[in-house]
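Visitor: okay, predicted coordinates and the sequence, questions at the end:
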Amino acid sequence: MKTKFIIHFFAIIILFANSVHASSNFKDEDPEKDRVIVYVLKNILSRYHYVQKKLDDNFSEHVYNSFIEGLDPSKRYFTQEDLKEFSQYKYLIDDQLRDTNIDFYKLVYGRFLEKLDAAKTNYRTLLKQSFNYNKKETINVDYEKIPFAKNENELLDYWRRQLKLSIIGRIEEGERIQKDKIDKGEKVEKKTFTELEVEARAEVLKNMNELYIRIDELESSDWYSTFLNSIVSGFDPHTTYMSPRIKSRFDQDMSGKLEGIGARLQKKGMYTHVVELISGGPAWKQNELEAGDIILKVAQADAEPVNIVGVRLDDAIKFIKGKKGTEVRLTVKKKFDGSTQVISIIRDVVELEETFVKSSIVEKDGKKYGIINLPKFYIDFSDSNSRDAAKDMEKEIERLKAENVKGLIVDLRDNGGGSLKTAIEIGGLFIDKGPIVQVKYRGEDPLVKNDTDSKIQWNGPLVVMVNEFSASASEIFAAAMQDYKRGVIIGGKQTYGKGTVQNVLPINRFYEQYPSDLGALKMTIQKFYRINGGSTQIEGVYSDISLPSRYSYMKFGERDLDGALAWDKVKQANYKIRNSYSNFADVVYKSNQRVLNDEKFQKINEYAKWLKKNQDENIYSLNYNEFKNETDKKSMQGKQFKEVFKFKSNITFNAPKYEYELFKKDTILKGKRLAWHKNLKKDIYMNEALNVLSELKMKKEYSIVKH
């Protein structure tokens, strides 16, 4: 009954490695709305989350710690005196949630707003005069481990040390830049330490002012989202509350498209700047708006224009975006001559090209090979006829086959996941039919998700590239190809390790009488398992060929997240290994030996160890001479790794033929492709993947062994 309920009402199944976090004057804007959201969330989570969790004192303690850390991760605001007052609720939050009571939130948030105002006074006062740079003192920047300041005096000293660290870092950088220019024979007006210090303090003050402008733009709903995420994260790290604004961004990210003018905007000071025009979008086609222009006013068709100077970016975007076919008139200050101009643009659907599949063709040893880059497993949940990752992959493979490629690389590096549906369908493009993944609801037997289409879109040699940021849906596809021995997995030692499935639940569906948008809950409802029965949770997918990277020894991934669900396994599915290669083991062995003996990869491995060592060093001297000596020492050590990733292959990457017609109309797309191909040529990991692909040999008629 539970399974049917979720599937019937909420068909949006997603997989992502990243979580959504919402990061102002205190006023209870809508106390009824706040209580309604808490009421609905606790009921949904208790009934349908994959983990059945008690709202007890342990849960209460999690919410307590998580919310305080969410507001004050760098220990800049609260003191132990504040925490003593907050602690009266430490083991009562579970009881409050049952009564839909948010007194804990009100107390902490109210105090936080007071502390924000005090912080502005603190940093501005401290930055009015120079610090003592000869004093022997240190700062520990491992904020998770250092205690909160005992009182306001010690808190002020925390601020002083943090600001001092920022300043001496800038002074050291200024001296180093001067020295480098002098060593190169450039004419430089050498600045004294005092002059550099004054400039550094001014720059830090400017950055702090800009930071607090952004903070002031946040609304109470943004901070309340932080509290709500402290609650829902008590179930697992990937369960998150999404405010209406965050949900809108999520939908855009998943579908790779939006309705608007097709311009990327950025807030600088009081003004909204145009950073980039999206290729093929309405503004790009209209050809009057330019990168660097400043938008001053926005009008809906011939309505009265609204001044957006000083308006926060999210609100400015709300004015500018709109339904396809509607008109927006922008009053802009032109970048080049400073003139003011009114530009009329008809809004349309804008596709974010960087979201979608793209391919390249390379020739190696007289044979052509195809490379498909898949940034995410995208889908438009609201339109089943719209493009999605599976449809685009099938089409792209067909185009590459038409150009007679002999092997295929699917690049999933940095692909954090997306739609479960598209992951299954893409897996089906490389096998005749059979299971791709198993999914399991709480307390139920696993369900096997099959590819039922006997058509194989690509039956040639296959290499799948992954790294430590390949997660979730990427891991489903990579695991299936590995379990079938359909392709070679090459990349980092192991992928991210997210083996859970989330569902997006609009909160208003559970409280339909509420008049405004309550946002959504992205909730973990399933775990997924490989067809061999093992989970990718925590463990990820181990590469057949492991390549050293800068992340090899870094601490991150699912295994390092608080509250991550445990690894386990289920019964393996009924599947048959595809023994499609005559030399699979030999190719993997040769590549591993090649990597082991390659000086470049050896150097990358040394660099990764050095980075890990530096990551573990959290204490810095605040005596300038000592700080400079430490920095110089690290700089000297780092010089040996200056060219660690410098690499250039002797092969050329080209666009597939169909794109050349697009390039004639779209020079921006052409430029992006040329830049991508240039980077591929310098990509040592892609080079080794091509070596592996060129060595793989298919059996003329591969046998199928029952597993």
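Guide: Done, it's in. Model, not experiment: these values are computed from the prediction. Numbering: from 1, shown residues only.
Visitor: in what helix or strand does Ile371 lie?
Guide: Using DSSP states H and E, the secondary-structure element containing Ile371 is strand 367-373.
Visitor: now that strand: mean pLDDT?
Guide: Along strand 367-373, the predicted confidence averages to a pLDDT of 97.
Visitor: all strands of the stretch 451-600 of the chain, in order?
Guide: According to DSSP state E, counting those that start in this stretch, the stretch 451-600 of the chain carries its strands in the segments 462-466, 488-491, 500-506, 520-529, 545-546, 576-581.
Visitor: which of those sits closest to Val38?
Guide: Val38 lies closest, by CB to CB, to one member of the strands of the stretch 451-600 of the chain: strand 520-529, at 11.6 Å. In short, each C-beta sits where N, CA and C put it, glycine included.
Visitor: follow-up on the earlier one: mind putting the strands of the stretch 451-600 of the chain into TSV with mean neighbour count, distance to Tyr658 and mean pLDDT?
Guide: Formatted as TSV, those follow (neighbours: other CB atoms under 10 Å; distance: least, CB to CB, whole Å; pLDDT from 0 to 100):
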stretch	mean neighbour count	distance to Tyr658	mean pLDDT
strand 462-466	27	22	98
strand 488-491	26	28	98
strand 500-506	23	34	93
strand 520-529	25	35	96
strand 545-546	20	32	98
strand 576-581	19	28	89
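Visitor: and of those strands, who's closest to Leu680?
Guide: Leu680 lies closest to strand 462-466 among these, at 11.3 Å (CB to CB).
Visitor: which strands or helices does the closest one pack on?
Guide: strand 408-411, helix 473-483, strand 488-491, helix 684-695 (3 or more CB pairs under 8 Å, 6 or more residues apart in numbering; DSSP states H and E).
Visitor: okay, the angle between that strand and strand 576-581?
Guide: Between strand 462-466 and strand 576-581, the angle comes out at 110 degrees (axes from the mean of the first three to the mean of the last three CA atoms, to 10 degrees).
Visitor: sheet partners, orientation included, of strand 462-466?
Guide: Looking at strand 462-466 with DSSP bridges, its paired strands and their directions are strand 408-411 (parallel), strand 488-491 (parallel).
Visitor: distance to Ser74 added to those, as JSON lines?
Guide: Output for the strands paired with strand 462-466, formatted as JSON lines (distance: least, CB to CB, whole Å):
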{"stretch": "strand 408-411", "distance to Ser74": "36"}
{"stretch": "strand 488-491", "distance to Ser74": "34"}
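Visitor: pull out the buried positions in the longest helix that the chain contains.
Guide: Identified as the longest helix of the chain according to DSSP state H is helix 152-183. Taking 16 or more other CB atoms under 10 Å as the basis for neighbour counts, the residues of helix 152-183 that come out buried are 155, 158-168, 170-172, 174-175, 178.
Visitor: which residues touch stretch 136-155?
Guide: 73-83, 157-158, 161-162, 164-165, 618-623, 626 (CB atoms under 8 Å, 6 or more residues apart in numbering).
Visitor: 10 Å - rerun?
Guide: Where contact means CB atoms under 10 Å, 6 or more residues apart in numbering, the residues beyond stretch 136-155 that reach it are 68-69, 72-83, 115, 118-119, 122, 156-162, 164-165, 616-623, 626-627.
Visitor: among the helices and strands packed on strand 462-466, which is nearest Gly533?
Guide: For these, distance to Gly533 was read as CB to CB. The smallest value, 9.7 Å, belongs to helix 473-483.
Visitor: using PDB, write down the CA coordinates of that closest one.
Guide: What follows is helix 473-483 as a C-alpha-only set of coordinates in PDB (Å, rounded to 0.1, in the frame of the first residue of the first chain):
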ATOM      1  CA  ALA A 473      22.700   7.600 -11.500                       C
ATOM      2  CA  SER A 474      26.300   7.600 -12.900                       C
ATOM      3  CA  GLU A 475      27.100   4.800 -10.400                       C
ATOM      4  CA  ILE A 476      24.000   2.800 -11.600                       C
ATOM      5  CA  PHE A 477      25.100   2.900 -15.200                       C
ATOM      6  CA  ALA A 478      28.800   2.300 -14.400                       C
ATOM      7  CA  ALA A 479      28.000  -0.600 -12.100                       C
ATOM      8  CA  ALA A 480      25.700  -2.300 -14.600                       C
ATOM      9  CA  MET A 481      28.300  -2.000 -17.300                       C
ATOM     10  CA  GLN A 482      30.900  -3.500 -14.900                       C
ATOM     11  CA  ASP A 483      28.700  -6.300 -13.700                       C
END
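Visitor: quick one: pLDDT of Gln286?
Guide: The predicted structure scores Gln286 at 87 on the pLDDT scale.
Visitor: give the contact list for Glu61.
Guide: Per CB under 10 Å, 6+ apart, neighbours of Glu61: Lys90, Tyr91, Ile93, Asp94, Gly234.
Visitor: among these, who's most crowded?
Guide: Neighbour counts for the contacts of Glu61 peak at Ile93, which has 26 neighbours (criterion: other CB atoms under 10 Å).
Visitor: SS state for the nearest residue to that one once chain neighbours are set aside?
Guide: For Ile93, ignoring the flanking residues on the chain, the nearest one in space by CB to CB, 6 or more residues apart in numbering is Ser60 at 4.1 Å. Assigned state for Ser60: helix (three-state reduction, DSSP: H, G, I helix; E, B strand; the rest coil).
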